[in-house]
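Q: Sharing a model that was predicted from the sequence below.
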Amino acid sequence: MKQLGVLDTAFVNLEHPNTPQHVGGMGIYDPSTAPGGFVRFKGVIANFERRLKKHSIFRSRMVKVPGNLDRPYWVQDANFDVEFHIRHLALPQPGDWRQLCILIARLHARPLDMSRPLWEAYIIEGLDNIPGVPKGGFAIYTKMHHSLVDGAGGSSIMSVIHDLEPDPEAVPEAPETVMVDVAPSSLYLGTASAVNQVKNSVKILGGAASTIKDLGKLAWGVARKKIPMPSITSPRTRFNTPVGPYRVFEAAEFMLDDVKLIKDHAGVKINDVVLAVVGGGMRSYLQHHNELPEDSLAVSIPLNMRTRRGVSDENNQVGSVFVEVHTEMDDPLARLKAVYASSQDAKVFGENSPLVDVLRLAGVMPPALTRPLVNTYVNNELTQHLPLGISSVVSNVAGPPFPLYSAGAQMVRYYGLGLLTPGVGLFHLVFSSSGVVTMSILGDRDSMPDPAFYRECVEKAFSDLLDAVKKDKASKEKADKAAVKTRKKATVKKAAVKKAGIASPDKAPVKKARATTKKAASTAAAKKTVSKAAEVKAQVAERKTPAGDKAAKPADSDRVSSLLGADSPADTASNVVKLSAESN
């Protein structure tokens, strides 16, 4: 027997007929890998029962404390019947994808029986006209209450209910001993509840003091602009209307290599690529319905708190932060870069904010107080009066990189299903495994009556982003090749010029400019010299002409002219010096 943790209890307290708090998944299997090439229903049941012995949580049922004065307990059910939890269904003809989606949506909308172990499984046959499903293929849809498992723990649960080889009977196993609990008496539960109330009161006071301290640090960091404050007033859309009891389901598929190509080219994370695709899909969908707001929509992202707090015995260790998906941007690459910046800010905020644990508030107080508050909140549709506008939840779960088998049949596809909350009627769950990324879309049927069209919007958003990345990559590669080619040509030309003994083309203009400057300086010097020579000539003529004579002797005049008529400016300058000496 084990008492539920605070966050585990929160999901129990939030349970409502319109918003049941279970998560699920649908796997599609290829029976050709099983011994004999086919799988029988009783073989699947036997495989489940054998695997469930390895994990006691599937045999656990919840026992409430009298008066709901304390958190409930898990006990091993002595009357556990695996056949009650596993059902056999088949699609009617023609057995196409739309029929499968409708069936999964109906099954996921039904609340679980809270008096039994909180999980169910459905084996679905008749998948005859679904592209990509192998001949004779079947699906297994499972759902389990969120108090049993969170998103990060879902991968380990998958490995628990699946085999790692197609013929598990060939692998020897150690004998298993199934333990059951004796149902606790009301006296025991009441006494334990009284003791826990004292312990919980101390924890609440200590937690409140710690939270106030952390909020003070957060406020100081925001004021100093060291911690970015995420937007909490994003526009409200059709996905913020009160959630009803009916669901729709759809799914899109992408190749993991294409997702990695986008990630590597843009220098972002896979989760950023997912968010950008969600933003593009929501933009196209709302634009089609003439409901696209001018400002960006925001989504909630679950955080794995195991990396923050460390491992504990609670089934759930999850928080959440808000991220803008920039639906106001039409350019897919620009949207991706903006999403990356927003997610980085959200990460910093989440690491420093106690508000990521706000969901725990629903499990701190006794269920006797919390349950009536939740019912009042949901039944009176109070979400319409809240300023918070979160249009969707986007969860990204990495699946195992190795193949899984059920009763020998290999799982070829897996689609995860989240849960809806009173104010958020759209959930995206992304799962990657075996080179394929699936994006499952769970919505409120009133908010999204056309899920197939929304899937097309998501697929187009991914296609546009991939095309933009390929185009940008090709453009950069072309520019890089042109630059390399230009540098190569310059190197070859320089080597050829050097080999021929010719001055480098790069230095020719400089040398030409220097020669022009030198010639101009020589010309100016020559003109100055000629002017000086004329002056000296006049002085000589004046000194050697007798008084009263009108002109110099022809012989002297001819000598001066010959001296000044030298071939070069330098010779002319030298002759001027001679004339000056003679005149003296």
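A: Perfect, thanks for sending it.
Q: Identify the residues contacting residue 121.
A: Each residue near residue 121 by CB atoms under 8 Å, 6 or more residues apart in numbering is listed here: 48, 85, 86, 87, 140, 141, 142, 143. Glycine gets a C-beta too; all of them are placed from N, C-alpha and C.
Q: The third one: neighbour count?
A: Translated: residue 86. Neighbour count for residue 86, taken as other CB atoms under 10 Å: 20.
Q: now swap in the first one and tell me
A: Residues lying near residue 48 (other CB under 10 Å) number 22.
Q: my read is it is in a helix, agree?
A: Yes. According to DSSP: H, G, I helix; E, B strand; the rest coil, residue 48 belongs to a helix.
Q: residues touching it, list them.
A: So residue 48 contacts 82, 86, 121, 161 (CB under 8 Å, 6+ apart).
Q: how far away is it from residue 166?
A: According to CB to CB, to the nearest Å, residue 48 and residue 166 sit 16 Å apart.
Q: low-confidence ranges in this protein?
A: Where the chain drops to pLDDT under 70, the residues are 150-157, 159, 168-183, 185, 188-190, 192-232, 304-318, 351-358, 385-387, 501-584.
Q: For it, which helix extends over the most residues?
A: Of all the segments of type helix in the chain, defined by DSSP state H, the longest one is helix 451-499.
Q: Which strands and helices lie in contact with that helix?
A: Counting contacts by 3 or more CB pairs under 8 Å, 6 or more residues apart in numbering; DSSP states H and E, helix 451-499 packs against strand 247-255, helix 256-266, helix 270-288, helix 332-352, strand 436-444.
Q: Residue 403 is nearest to which of those?
A: Set against residue 403 and scored by CB to CB, the helices and strands packed on helix 451-499 come closest in strand 436-444, at 12.2 Å.
Q: Note down every partner strand of that closest one and its orientation.
A: Using DSSP bridges, strand 436-444 pairs in its sheet with strand 247-255 (antiparallel), strand 426-433 (antiparallel).
Q: could I get it in PDB with only the CA atoms?
A: The C-alpha coordinates for strand 436-444 follow below in PDB (Å, rounded to 0.1, in the frame of the first residue of the first chain):
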ATOM      1  CA  VAL A 436       9.300   8.400 -37.800                       C
ATOM      2  CA  VAL A 437       7.800  11.400 -35.900                       C
ATOM      3  CA  THR A 438       4.100  11.300 -35.300                       C
ATOM      4  CA  MET A 439       2.100  14.300 -34.100                       C
ATOM      5  CA  SER A 440      -1.200  13.300 -32.600                       C
ATOM      6  CA  ILE A 441      -4.000  15.900 -32.400                       C
ATOM      7  CA  LEU A 442      -6.700  15.600 -29.700                       C
ATOM      8  CA  GLY A 443      -9.400  18.300 -29.700                       C
ATOM      9  CA  ASP A 444     -12.700  19.200 -28.300                       C
END
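Q: tell me the angle that strand makes with helix 451-499.
A: Strand 436-444 and helix 451-499 meet at an angle of 140 degrees, taking axes from the mean of the first three to the mean of the last three CA atoms, to 10 degrees as the criterion.
Q: Can you check what angle separates strand 436-444 from helix 270-288?
A: Orientation note: strand 436-444 sits at an angle of 40 degrees relative to helix 270-288 (the same axes, to 10 degrees).
Q: As PDB, could you dump the C-alpha coordinates of stretch 400-408?
A: Only the C-alpha atoms of stretch 400-408 are listed here, as PDB (Å, rounded to 0.1, in the frame of the first residue of the first chain):
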ATOM      1  CA  PRO A 400      12.700   4.000 -27.700                       C
ATOM      2  CA  PRO A 401      15.300   3.700 -30.600                       C
ATOM      3  CA  PHE A 402      14.800   0.000 -30.800                       C
ATOM      4  CA  PRO A 403      11.800  -2.100 -32.000                       C
ATOM      5  CA  LEU A 404       9.000  -3.200 -29.600                       C
ATOM      6  CA  TYR A 405       6.800  -6.200 -29.900                       C
ATOM      7  CA  SER A 406       3.400  -7.300 -28.600                       C
ATOM      8  CA  ALA A 407       2.600 -11.000 -28.700                       C
ATOM      9  CA  GLY A 408       5.400 -11.200 -31.400                       C
END
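Q: Could you list the buried residues of that stretch?
A: Buried residues in stretch 400-408, defined by neighbour count with 16 or more other CB atoms under 10 Å: 400, 403, 404, 405, 406, 407, 408.
Q: next one: stretch 103-110
A: Those would be 103, 104, 105, 107, 108, 109, for stretch 103-110 by 16+ other CB under 10 Å.
Q: nearest to residue 343, of the residues you listed?
A: Nearest to residue 343 among the buried residues of stretch 103-110, counting by CB to CB, is residue 108 at 28.2 Å.
Q: right, and that closest one touches residue 441 too?
A: No. Taking contacts as CB atoms under 8 Å, residue 108 lies outside contact range of residue 441: 11.9 Å.
Q: what touches both of those two?
A: residue 249.
Q: ok so, going back, sort out for me which of the contacts of residue 121 are in helices.
A: Using DSSP H, these in helices are 48, 85.
Q: Strands - which of the contacts of residue 48 land there?
A: 86, 121 (DSSP state E).
Q: And the contacts of residue 48, which is closest to residue 491?
A: Residue 491 lies nearest to residue 161 out of the contacts of residue 48, by CB to CB, at 63.7 Å.
Q: For stretch 384-404, buried residues please.
A: Judged by neighbour count (16+ other CB under 10 Å), stretch 384-404 contains these buried residues: 389-397, 399-400, 403-404.
Q: Now flag whichever of those residues is closest to residue 417.
A: The closest of those, once distances to residue 417 are taken by CB to CB, is residue 395, at 10.3 Å.
Q: Which strand or helix spans that closest one?
A: In the assignment (DSSP states H and E), residue 395 maps to strand 390-398.
Q: still on that earlier bit, need the max-distance pair from the buried residues of stretch 384-404.
A: Pairwise across the buried residues of stretch 384-404, and taking CB to CB, the largest span is found between 389 and 403, at 41.5 Å.
Q: Distance check, residue 8 against residue 149.
A: The spacing between residue 8 and residue 149, counted by CB to CB, is 10 Å.
Q: Show me which of these two is the more surrounded one.
A: Legend: neighbour count by other CB under 10 Å for residue 8 and residue 149, higher for residue 8 (26 against 22).
Q: On the three-state scheme, the more buried one is what?
A: Under three-state DSSP, the three-state class of residue 8 is helix.
Q: pretty sure it is touching residue 362, no?
A: No. With contacts counted by CB under 8 Å, residue 8 stays clear of residue 362, the gap being 10.8 Å.
Q: Quick one: residues contacting residue 10.
A: If a contact means CB under 8 Å, 6+ apart, then residue 10 has 316, 359, 360, 361, 362, 363 as its contacts.
Q: please redo it, this time with the cut-off set to 6 Å
A: Residue 10 sits next to 359, 362, 363 when contact means CB atoms under 6 Å, 6 or more residues apart in numbering.
Q: And residue 365, how close does it get to residue 128?
A: Taken as CB to CB, the spacing of residue 365 relative to residue 128 amounts to 51 Å.
Q: And for residue 277?
A: Distance of residue 277 to residue 128, computed by CB to CB: 31 Å.
Q: What of residue 487?
A: Distance from residue 487 to residue 128, by CB to CB: 61 Å.
Q: the more surrounded of the two?
A: Between residue 487 and residue 128, counted using other CB under 10 Å, residue 128 has the larger neighbour count: 14 against 10.
Q: what separates the more buried one from residue 136, distance-wise?
A: Residue 128 is 9 Å from residue 136, by CB to CB.
Q: before we move on, what about residue 62?
A: In this view, residue 62 and residue 136 are 38 Å apart by CB to CB.
Q: Mind checking which of those two has more residues around it?
A: Neighbours per residue (other CB under 10 Å) separate residue 62 from residue 136, with residue 62 holding more: 21 against 17.
Q: Which of the three states applies to that one?
A: Here residue 62 is recorded as strand under three-state DSSP.
Q: now swap in residue 26 and tell me
A: Using three-state DSSP, the structure places residue 26 in strand.
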